[in-house]
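[1] Need a 3D model of the following:
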Amino acid sequence: DSHSSLDMESDTIKNKFINLYHNESDSVFRFCLLRTSDAEVAVDIMQDTFMRFWNALSRGGKEIRNERAFLFSIARNGIIDWYRKKKPVSLESLAEEAETDAEAFMDTAQKEDIEMEHEAKLLMEKIRELEPLYQQAVYLRFVEDFRPKEIAEILGETTNAVSVRIHRGVRQLRKLAGYDEK
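    The predicted model follows:
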């Protein structure tokens, strides 16, 4: 009967949500922390992100093509909303904050003694030195392992623009890390 198929569908949705939360909550938290420099705010935005994701799923989220990218774009919108509520923000101050946010993220990561190999730690330090324009794209590509198309969805940019940012960001990263061919 149709009632039991509805129950099975809601179990499937519940399991999908639980798996995604289990696999992605840390990544979403780190992403929020990177932008807000405030662990409490990052937790709030992360929880709100998963609530919104749950609402989208339970409203028949079959049209969600890429759940992980969708999750990160909800988080990004949550961060933007938080900044809007926090204070009127100029683009210059956002760029400056992006740099200090990345530093605070690294400080937190070091305090919590996240074990990264020396090379990976060096690379994270170099990512935070990138121009803010490249920072998020490079972070999402190489730390969170998103494809350019997914990053474009998250950042609300074209895939081409994201690919260019990643390419230029990597070039800048090579210079900063002293891997430049010259």
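
[2] who's in contact with the spatially most central residue of the chain?
    With distances taken as C-alpha atoms, centre = their mean, the chain has F31 as the residue nearest its mean C-alpha position (3.9 Å). Neighbour list for F31: 72, 75-76, 139-140, 144 [criterion: C-beta atoms under 8 Å, 6 or more residues apart in numbering]. Where you see a C-beta, it was placed from the backbone N, CA and C, and this is true even at glycine.

[3] could you point out where this structure is predicted with low confidence?
    Screening the chain residue by residue with the criterion pLDDT under 70, one finds the ranges 1-7, 61-62, 87-122, 180-182.

[4] the longest helix in it is where?
    The helix spanning the most residues in the chain, taking DSSP state H as the definition, is helix 2-36.

[5] Tally up the residues packed near I151, please.
    The burial metric for I151, expressed as a neighbour count using other C-beta atoms under 10 Å, is 26.

[6] which of the residues in the host helix or strand of it are buried?
    Under DSSP states H and E, the secondary-structure element containing I151 is helix 148-155. For helix 148-155, a neighbour-count test (16 or more other C-beta atoms under 10 Å) marks 148, 150-155 as buried.

[7] now the angle from the longest helix of the chain to helix 148-155?
    Counting by axes from the mean of the first three to the mean of the last three C-alpha atoms, to 10 degrees, helix 2-36 points 80 degrees away from the direction of helix 148-155.

[8] wait, which of the buried residues of helix 148-155 is closest to M124?
    For the buried residues of helix 148-155, the closest approach to M124 (C-beta to C-beta) belongs to I151, at 17.8 Å.

[9] Tell me how far that closest one lies from D44.
    In this structure, I151 lies at 24 Å from D44, with C-beta to C-beta, to the nearest Å as the measure.
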